[in-house]
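# here you go, sequence then predicted model.
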Protein chains: 2
Amino acid sequence: MPAPFPEDSVGLVTPQLFHFDQPLALANGRSLDSYELMVETYGELNAEKSNGILICHALSGSHHVAGYHNEDDKKPGWWEHYVGPGKPIDTNRFYVVCMNNIGGCHGSTGPQSINPATGKPWGSSFPFLRVRDWVETQVRLADRLGINQWAAVVGGSLGGMQAMRWALEHPNRLRHCVVIASAMNLTAQNIAFNETARQAIQSDPNFFNGDYLAQSTLPKRGLSVARMIGHITYLSDDGMGKKFGRELRSGSFDRGNDQLVEFQIESYLRYQGSTFSEVFDANTYILMTRALDYFDLAREYNGDAAEAFKQASCKFLVVSFTSDWRFAPERSREIVTALMRANRDVVYGEIDSVHGHDAFLVPNQLRYWELFSAYMNRVEV
Amino acid sequence: MPAPFPEDSVGLVTPQLFHFDQPLALANGRSLDSYELMVETYGELNAEKSNGILICHALSGSHHVAGYHNEDDKKPGWWEHYVGPGKPIDTNRFYVVCMNNIGGCHGSTGPQSINPATGKPWGSSFPFLRVRDWVETQVRLADRLGINQWAAVVGGSLGGMQAMRWALEHPNRLRHCVVIASAMNLTAQNIAFNETARQAIQSDPNFFNGDYLAQSTLPKRGLSVARMIGHITYLSDDGMGKKFGRELRSGSFDRGNDQLVEFQIESYLRYQGSTFSEVFDANTYILMTRALDYFDLAREYNGDAAEAFKQASCKFLVVSFTSDWRFAPERSREIVTALMRANRDVVYGEIDSVHGHDAFLVPNQLRYWELFSAYMNRVEV
């Protein structure tokens, strides 16, 4: 994307690295003595520090939500279509904050970082994390920024889980909780897909039990297969059919050599897997899918989601997409039901879409845009 | 299963190997000079040779449809619950024939066989096959057995594709065509899952481009991941949830070491993948999934399925299962619609089931049993 950037973009943005020295006690009993968070912010924090929006990212996201990192940057941040001037998360009104979660691979402390105790990459020894650990680091970032209460905490998918955890654990520190294409826990099928992806990674002989960096190699083929599995499940059957159908990319059924026959969907998926495996960290993929699997909103509340949501005092927007079969509308309706049983204030929108789970990222979905904008416009700053 | 075998089982069965010397011209332009078929039969062929039933197997099936191979055999054939005395495919009335398809790995000529031209295993050089190639070998087996017309050709999933191809290509050689949990072609999503499974196999460094036998090794880890992918998609989300939920097999969320936490579904899937990879051939898996991808019933009929089915003269039973999302009821209704447009005689049953695609194999589904039995009872011999 050559400059000038589009007028409705936050434009050129620069991430900032925040260092934290206060030890972080993790949910699994271990701790991190210190850690760094890579952060981006857009818009201006107002004098009352009341217009902060925290965006929590999902499995393959990062702190880079919107805008461009330089004038030659080909692609903007992952939520460019919904975050910017005049967009649902309007940077003319809000001060938007997003960090790369710890355990990630985009600049925050994670398995690729050097473990100060050993002087070597953490690799397999990086602690497993829970969603609540991320929330704890986000709380500390808020403290650092002087934000006592977010106007809203917002997230899709795994990001939605973080937003809900905020609402339960820190009820006074957010006024709105926006939960998009998420769930209170994963189904067995979802865990099964995650485990198969992990197996693909761990089966790669270049994985070396997670210590591939020490071997100067990367388990790219395994990570590529893992991403292919994920990618299929983020799209809908219908959407994939409309986009690719049974079109061939090469070869023909008339030819003598079947080896040449290749469907469009095959090369598309392989490309997706291959490019992802060049930029993402395999240990992070394992860590994030485990955090997804382990998340269970109501576990500490006797499995009673309504009891859990009674801890919350903010208002909620819950959004789902009809063709999302990985985080189906039914799972969002469970959230809404629990919120209503807890007598909490909730707006729910079920958006017609062919884009599957990915719909929360996809542009040009008018009803989604309208609902999201209308809700955010009502968020007072 | 120690003898005596159950009374409603065909009991002890012995496969037979049939050798064919007449060259087989394949759909892709290559040919096999000779080949062998591993075959099982149950029941008695009547004097008129009019009571033959051909069962076509699916991706991971074999000629071993029912009964036991020896008195210590722990498991019966893959369709034991629906083939035997008094069962829907009643061996008191019918003479049942099933062969391992060529390209398979259960005794018929396939990638593990020795290529007579080289004296080495075929491996990667075994020709790719289409559904019509299997049908051609089945025609020759029928000739060998003296069966001019099958009472019915029956198959589930990939087997159903073979049954439909029989109806189009050899209309006078069957009176009934039974198509269970199948489709006229695969969707992009189905192709995507198959391609991801193939990538998992081909990414295994022990795959050696398909010539692993020459290296005295097997790509077990890749095949295991491939099977895990397949297995998830053969079950339903709901069925998996009912069977496994979020139950832990080991560990606890309270413990310090997350590495110990393991969901039931994870160990189940890994076990399924691992045991499959011990007994199945990776090249066969690739070959069979390619045949699935390439199958397109109406391709040679200008893409007009009704035009295709006008070639047929038999009667049809089409069965689907509500929770089957890999070969969804919608895909079966497309078959039924095309058959009606072609003015063909068709009975359609959509069975309520939580068992997903695997439902066609699963016992104790009363409505399925009743429909299948009622239809087969009307098949004259």
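Ah, there it is. Residues are numbered from 1 along each chain as shown, chains lettered A, B, ... in the order given.
# CA only for contacts and neighbour counts going forward, please
Noted.
# please name the residues that touch A:Ser50.
By Cα atoms under 8 Å, 6 or more residues apart in numbering or on different chains, the residues touching A:Ser50 are A:Ile147, A:Asn148, A:Gln149, A:Trp150, A:Ala151, A:Val381.
# on the three-state scheme, it is what?
Under DSSP: H, G, I helix; E, B strand; the rest coil, A:Ser50 falls in the coil class.
# and if you look at A:Val96?
On the three-state scheme (three-state DSSP), A:Val96 is labelled strand.
# is it in contact with A:Lys49, as I believe?
No. Applying Cα atoms under 8 Å, one finds A:Val96 not in contact with A:Lys49, separated by 11.6 Å.
# still on that earlier bit, who wins for neighbours among the contacts of A:Ser50?
In terms of neighbours by other Cα atoms under 10 Å in any protein chain shown, the contacts of A:Ser50 top out with A:Ala151 at 26 neighbours.
# and it, how far from chain B?
A:Ala151 sits 32 Å away from chain B, going by Cα to the nearest Cα, to the nearest Å.
# cool, and A:Val179?
Distance, A:Val179 to chain B, by Cα to the nearest Cα: 22 Å.
# cool, and A:Trp122?
Remark: distance between A:Trp122 and chain B (Cα to the nearest Cα) = 16 Å.
# next, count neighbours for that residue.
A:Trp122 has 23 neighbours, counted by other Cα under 10 Å.
# show the pLDDT at it.
A:Trp122 is assigned a predicted lDDT (pLDDT) of 97.
# bridged to A:Val39, which residues?
Beta-bridge pairing of A:Val39 under DSSP bridges involves A:Gln16, A:Met99.
# tell me the domain boundaries of chain A?
Domain assignment for chain A by automatic domain parsing gives A:16-185+A:295-377, A:193-288.
# where's the first one relative to the chain centroid, distance-wise?
Centre-to-centre, domain A:16-185+A:295-377 and its host chain are 7 Å apart (Cα atoms, centre = their mean, to the nearest Å).
# re the thing from before, turn the contacts of A:Ser50 into JSON lines, including pLDDT and secondary structure.
JSON lines is the format used below for these (pLDDT from 0 to 100; DSSP: H, G, I helix; E, B strand; the rest coil):
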{"residue": "A:Ile147", "pLDDT": "98", "secondary structure": "coil"}
{"residue": "A:Asn148", "pLDDT": "98", "secondary structure": "coil"}
{"residue": "A:Gln149", "pLDDT": "98", "secondary structure": "coil"}
{"residue": "A:Trp150", "pLDDT": "98", "secondary structure": "strand"}
{"residue": "A:Ala151", "pLDDT": "98", "secondary structure": "coil"}
{"residue": "A:Val381", "pLDDT": "93", "secondary structure": "coil"}
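# so what touches the helix or strand of chain A with the lowest mean pLDDT?
Every helix and strand in chain A was compared by mean pLDDT, DSSP states H and E; the lowest is strand A:248-250, with a mean of 88. Strand A:248-250 has contacts (Cα under 8 Å, 6+ apart) with A:Leu260, A:Val261, A:Glu262, A:Phe263, A:Gln264, A:Ser267.
# and the following helix or strand past it, what other elements does it pack with?
Sequence order places strand A:262-263 as the next helix or strand after strand A:248-250, per DSSP states H and E. Here strand A:262-263 touches strand A:248-250, going by 3 or more Cα pairs under 8 Å, 6 or more residues apart in numbering or on different chains; DSSP states H and E.
# kindly recompute the last result at 10 Å.
Strand A:262-263 makes packing contacts with strand A:248-250, helix B:188-203, helix B:282-294 when contacts are defined by 3 or more Cα pairs under 10 Å, 6 or more residues apart in numbering or on different chains; DSSP states H and E.
# with mean neighbour count added, can I get the ones you listed in CSV?
Formatted as CSV, the entries for the helices and strands packed on strand A:262-263 read as follows, by neighbours: other Cα atoms under 10 Å in any protein chain shown:
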stretch, mean neighbour count
strand A:248-250, 15
helix B:188-203, 25
helix B:282-294, 24
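# make CSV out of these and add distance to B:Asp133.
Converted to CSV, these look like this (distance: least, Cα to Cα, whole Å):
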stretch, distance to B:Asp133
strand A:248-250, 22
helix B:188-203, 20
helix B:282-294, 10
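# before I go, just wanted to say thanks for your time.
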